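test case, fold it:
(chains A and B)
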Amino acid sequence: MEAVLNSNWILLPVIVPLFGALLGFLIPGWVRFIGLITVVISATAVLLLGNQLLGEASVQHTVGGWDAPLGIVLHADGLSLLMLGITAAVFVAVSVHASDYFALPQVRHFWPLWLMLLGALNALFVSGDIFNLYVTLELMTLAAVALTALGDEPDALAGAMRYLLASLLGSVVYLLGVAFLYHQFGTLDITLLGERAEPVPALWLAAGLMFAGLMLKTALFPLHFWLPSAHASAPAPVSAILSALVIKATFYMLLRLWFEIFAPFTGGMFVAIAGALGALAILWGSVQALRQPRLKLLIAYSTVAQVGYLFVGFALAVASNSTVVWGAVLMLVLSHALAKAAMFLAAGNLLHFARHDRIADLDCLAQRLPLSVAAFGLAGVSIMGLPPSGGFTAKWLLLQAAFEQGRWEMLAVLIIGGLLAAAYIFRVLGHAFTPGSELSHTPPIIALRRGWPALLLALAAVLLGLLTTVVLDVLAIGNPVQLVGGAG
Amino acid sequence: MNSFFIYSLTGAGLFVLGLYALIVHAHLLRKILAINVMSSGVFLLLVALARHSGEPAAADPVLQAMVITGIVVAVSATALALVLMLKLHSATGQTQLHDDSGE
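Numbering: from 1, shown residues only, chains lettered A, B, ... in the order given. The predicted structure is shown next:
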């Protein structure tokens, strides 16, 4: 039906970072150099893979020549490519920022873990079976938790601990779902599962368990309790990646499982729950963000709200059954990844400059740190959903879908969420522009390589809206979005 | 057939027991142990399924490979959790997480 090409390029984004991580452990003196080079090589490999994918339908690779079920089959299509691409872009930008962030004892631990996280994310996006997904999920979690705790402050340690416990619970629940699926249908391969799946109790049980586990790891309200403390207390580059990519990885798994396996069998009930929780997350997250006294906590709660948008988008896309609305969900994923990474980097710069991140005392920063405040404001444009940002296109398409389906409550939530987002972002900007008192300490100079990555990420988030058709075209490669009862 | 049910029910029981303990206990060591009990429950279920779905004489190697991989993952996760707990203890003197004021 579709040409599936055997490709070796798919292997590089997985192997290069893992190899780089080992090398970084072995040669600690060169660790920063190795880290930066590895991130760039991995991004280049993704570009080459993308180039190959544009000419083909989808590609796969059987590792070591061992076929499934004993071997591991890697598989990449348009959906994987979008996630790999955004991961590469955000990682390159944040790595430049991070190369100036960490001092000597931490830097030796940071880069190997950082590369491990990159390798785990890339591996997750090209995994073709549900157990391999579990392994990459755990690798990602362990690296992310260790990175969160890198600061060694009590807050960061407590945040990391809570994050680890919640994540492990999510993984175990997911694994139980894997067990049921394998027992019922005798395979772990996602495509084969899709062909063999039939409506039996084991399938529903597995769907419930796997989605519950993944929702916990994606921090969907009310399972978001672990997110604010972890994302707010981690070092700035780590917060950026956690909010931008790590929670998106589990959302990607949810989409993948939905398209390939569960869509024809799991009906309105599940989608209605996901949509309702998403709507609550938008309202709760935004209101909490407005109430936070500290900047990083505000951004973390904004992530809770944006996760809500993802699930509202999911519910609307399932109901509308159209590729364009699914494209809108992917636009949300991409634009939030860029904008939120920019916000956390900018917040890291403000925190480093002022030695605190109490919003009420962030006076006069627009004059003192114009680059970082501009980055925060531009990223805010995408989070609020103003044109021409990626966030605008995505939310406009979702509003349209809600309107066509007559989902007035969703329409209201989408609009209120946008207004609340504008409120919490202008609250920060308002304080940043007030004329302020003298600083009590000699402020450090923020290096340009800490400022520019944030601004470039924010610019990319704003300009992403102009690339909507490109995103839709890439998403069509290999037909990852399988519509119910349709030709796709 | 009969032993399959004993093993899988025990596995499910351990899973639920672990989940209960994870929720009610505040001490971090107990929480870490509770997660381990939960994963043991899943592993037991997987081993029981391996026996059940394969030939009567030979168990399904794929499921057993999954259990081995799962054990490796569980060991590393437990190690990380224990180190975190020790660091938290030496930094704050606490052995439990207290609730955030915001939540």
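
tell me where chain B has helices.
All helices of chain B, identified by DSSP state H, fall at B:2-24, B:28-53, B:61-92.

for A:L439, helix, strand, or coil?
With DSSP: H, G, I helix; E, B strand; the rest coil as the basis, A:L439 sits in coil.

check contacts around it.
Neighbouring residues of A:L439 by CB atoms under 8 Å, 6 or more residues apart in numbering or on different chains: A:A354. Backbone N, C-alpha and C define where each C-beta goes, glycine included.

report pLDDT for it.
Note on A:L439: pLDDT of 71.

please identify the most buried of the helices of chain B.
helix B:28-53 (a mean of 21; mean count of other CB atoms under 10 Å in any protein chain shown).

that one and chain A in contact?
Yes: Helix B:28-53 lies within reach of chain A by CB under 8 Å from any CB of the partner chain, at B:28, B:31-32, B:35, B:38-39, B:42, B:45-46, B:49, B:52-53.

returning to that earlier point: of the helices of chain B, which approaches A:A379 most closely?
Of all the helices of chain B, it is helix B:61-92 that lies closest to A:A379, at 31.0 Å by CB to CB.

and the strands in the stretch 301-450 of chain A?
In the stretch 301-450 of chain A, no strands are defined using DSSP state E, counting those that start in this stretch.

quick check: which ranges of it have low pLDDT?
Applying pLDDT under 70 to the stretch 301-450 of chain A flags residues A:438.

residue in it nearest to chain B?
Relative to chain B, the nearest point of the stretch 301-450 of chain A is A:Y301 (8.7 Å; CB to the nearest CB).

picking up where we left off before, dump the residues of helix B:28-53 next to chain A to JSON lines, plus pLDDT and distance to A:M210.
Putting these into JSON lines (pLDDT from 0 to 100; distance: CB to CB, whole Å) gives the following:
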{"residue": "B:L28", "pLDDT": "93", "distance to A:M210": "27"}
{"residue": "B:K31", "pLDDT": "95", "distance to A:M210": "23"}
{"residue": "B:I32", "pLDDT": "95", "distance to A:M210": "24"}
{"residue": "B:I35", "pLDDT": "95", "distance to A:M210": "18"}
{"residue": "B:M38", "pLDDT": "95", "distance to A:M210": "16"}
{"residue": "B:S39", "pLDDT": "94", "distance to A:M210": "16"}
{"residue": "B:V42", "pLDDT": "95", "distance to A:M210": "13"}
{"residue": "B:L45", "pLDDT": "92", "distance to A:M210": "15"}
{"residue": "B:L46", "pLDDT": "90", "distance to A:M210": "15"}
{"residue": "B:L49", "pLDDT": "85", "distance to A:M210": "16"}
{"residue": "B:H52", "pLDDT": "71", "distance to A:M210": "21"}
{"residue": "B:S53", "pLDDT": "61", "distance to A:M210": "19"}
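
now for the residues you listed, which pair is the farthest apart?
Counting by CB to CB, the most remote pair of the residues of helix B:28-53 next to chain A is B:L28 and B:S53, 37.3 Å apart.

which bits of chain A sit near chain B?
Residues of chain A lying close to chain B (CB under 8 Å from any CB) are A:69-70, A:131, A:135, A:138, A:141-142, A:145-146, A:149, A:152-154, A:157-158, A:160-162, A:164-165, A:168-169, A:171-172, A:175-176, A:178-179, A:182-183, A:186, A:188, A:225, A:228-229, A:288, A:291-292, A:297.

can you rerun that using 6 Å?
Residues of chain A lying near chain B by CB under 6 Å from any CB of the partner chain: A:69, A:131, A:138, A:142, A:149, A:154, A:157-158, A:160-162, A:164-165, A:168, A:172, A:175-176, A:179, A:183.

quick check: the residue of the stretch 1-150 of chain A nearest chain B.
Proximity of the stretch 1-150 of chain A to chain B (CB to the nearest CB) peaks at A:E138, 4.6 Å away.

surely that residue meets B:V73?
Yes: A:E138 lies in contact with B:V73 (CB atoms under 6 Å); the separation is 4.6 Å.

how many neighbours does A:A230 have?
The number of residues packed near A:A230 is 30, by other CB atoms under 10 Å in any protein chain shown.

helix or strand for it, which one?
Element membership of A:A230 [criterion: DSSP states H and E] is helix A:227-233.

what's in contact with that helix?
Residues outside helix A:227-233 that contact it (CB atoms under 6 Å, 6 or more residues apart in numbering or on different chains) are A:148, A:155-156, A:159, A:162-163, A:219, A:239, A:242-243, A:296-297, A:300-301.
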